[in-house]
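Trainee: quick one, fold the following:
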Amino acid sequence: MSELFNVLVMVAVVALVVVRQFSTQRVGDRRRWWVLPAVLFIVALRSDGALDHRHEALSAVMLGAGLVVGLLTGAGWGWTARLWQGPDESVWSRGTRATVFVWAGGIGLRLSLAVAALLLGIHQGTAALLVSLAAMLFARGAVLAMRARGVREQYGVPAGSPAGDAPSGAVRAMSKGGV
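Mentor: Purely as a prediction, here's the structure:
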């Protein structure tokens, strides 16, 4: 696939990610949180620029490092999000100030990898960025799904139970450090 297509996909996904980060969204019933990361990963692997054929070993190491940075950033994003349970037993999330710091650290690490690749003479196409972005979204979704189950179970609601048993107006909150 072309680099232009990858850039357009990245811009669209980053816009979606930024909107998600700073807006309230329902997370409790999303069973397909892994679909977007899987699609991004497939698009990245089908691209020609995933590995630099002149430096295959080093570019594979850089690609792996980008994958790790994406996983760490996504996990941090998921752990720093505030979760709460609405009156209908649904779980909601929103990024916090700590999430902004996680993002800044992730961007800094990703830029450091890009500079290191440049200094080593490794060409990294947009596929490397797509892999990192896919890993970030995957880790975030996994952490939020796990935490959402924990919120429900903490308040005595089994993970698979139907909504609507909570008293009217009851809103419960949970963040990493407690309420």
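Trainee: quick one, helices of the protein?
Mentor: Ranges of helices in the chain, per DSSP state H, are 3-22, 35-46, 56-80, 97-119, 126-154.
Trainee: ok, Lys75 to Leu118 distance?
Mentor: Not Lys; residue 75 is Ala. Between Ala75 and Leu118 the computed distance is 27 Å (CB to CB, to the nearest Å). Any C-beta I mention is one placed from the backbone N, CA and C, and that applies to glycine too.
Trainee: more crowded one of these two?
Mentor: A count of neighbours by other CB atoms under 10 Å puts Ala75 above the other of Ala75 and Leu118, at 18 against 11.
Trainee: around the closest residue to the more buried one other than its chain neighbours, count how many other residues there are.
Mentor: Nearest residue to Ala75, sequence neighbours excluded (CB to CB, 6 or more residues apart in numbering): Ala139, at 4.4 Å. Residues near Ala139, counting by other CB under 10 Å, number 21.
Trainee: which residues does Val7 contact?
Mentor: Val7 makes contact with Thr126, according to CB atoms under 8 Å, 6 or more residues apart in numbering.
Trainee: can you do 10 Å?
Mentor: Residues near Val7 by CB atoms under 10 Å, 6 or more residues apart in numbering: Thr126, Leu129, Leu130.
Trainee: measure it to Glu56 for me?
Mentor: When distance is defined by CB to CB, Val7 is 24 Å away from Glu56.
Trainee: ok, back up a step: and the residue nearest to Ala75, how far is that from Leu72?
Mentor: Noted for Ala139: a distance of 8 Å to Leu72, by CB to CB.
Trainee: quick one: which of the contacts of Val7 is most hemmed in?
Mentor: Counting neighbours by other CB under 10 Å, the top entry in the contacts of Val7 is Leu130, with 29 neighbours.
Trainee: neighbours around the residue nearest to Gln25 when sequence neighbours are not counted, how many?
Mentor: Closest residue to Gln25 apart from its sequence neighbours, by CB to CB, 6+ apart: Ser93 at 6.0 Å. When neighbours are defined as other CB under 10 Å, Ser93 has 25 of them.
Trainee: same check on the one 5 residues further on?
Mentor: Using other CB under 10 Å, Ala98 has 17 other residues around it.
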